[in-house]
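# Pasted the sequence and its predicted model underneath.
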Amino acid sequence: MLTRILSIALAIAIVVMFAAPFARDAYHRYEVSTRLNKIIDASDRVAFNQWNGDAASFAKTLYERCQIEHGQGAATCERYHFAFK
């Protein structure tokens, strides 16, 4: 009986150990996407839905694009910087 309880506990621990990184990534993507939804337009939203990388790298890409378009340190780009902080 004790070995059965220990083996179930071990199995649960292994599942949690392997699922935790995926859950953390999913939560981080949700968190960043919530921030981005407030500031991006429809074309950027479509691009984000097709993005294969993590959400923070997409926000960094938007930030870098904004820096190129508006110049280094532009105030309009801070909204993208906030999204991936």
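That came through, no problem. Numbers count the residues shown, from 1 in each chain.
# can you give me the helices in this structure?
Using DSSP state H, the helices of the chain run over residues 2-37, 42-50, 55-70, 78-84.
# Can I get the second one in CSV, CA atoms only?
Put plainly, it is helix 42-50. This file holds the C-alpha atoms of helix 42-50, laid out as CSV (Å, rounded to 0.1, in the frame of the first residue of the first chain):
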residue,chain,number,x,y,z
ALA,A,42,-5.1,44.7,-36.1
SER,A,43,-2.2,43.9,-38.4
ASP,A,44,0.2,43.5,-35.5
ARG,A,45,-2.4,41.3,-33.7
VAL,A,46,-2.6,39.0,-36.7
ALA,A,47,1.2,38.9,-36.8
PHE,A,48,1.3,38.1,-33.1
ASN,A,49,-1.2,35.2,-33.5
GLN,A,50,1.1,33.7,-36.2
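# Pull out the buried positions in that helix.
Using 16 or more other CB atoms under 10 Å as the burial criterion, the residues of helix 42-50 that qualify are Asp44, Phe48. C-betas here are computed from N, CA, C, even on glycine.
# rewinding a little: okay, the helices of the chain in JSON lines with mean pLDDT next?
As requested, the helices of the chain are arranged in JSON lines below (pLDDT from 0 to 100):
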{"stretch": "helix 2-37", "mean pLDDT": "90"}
{"stretch": "helix 42-50", "mean pLDDT": "89"}
{"stretch": "helix 55-70", "mean pLDDT": "88"}
{"stretch": "helix 78-84", "mean pLDDT": "79"}
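# got a list of what the residue most central in space within the chain touches?
In the chain, the residue lying closest to the centroid (CA atoms, centre = their mean) is Arg29, at 2.5 Å. When contacts are counted by CB atoms under 8 Å, 6 or more residues apart in numbering, Arg29 is found next to Asp54, Ala55.
# just the one 10 residues further on next, same as before
Contacts here follow CB under 8 Å, 6+ apart; on that basis Ile39 touches Arg79, Tyr80, Ala83.
# I'm done for today, thanks for sticking with me.
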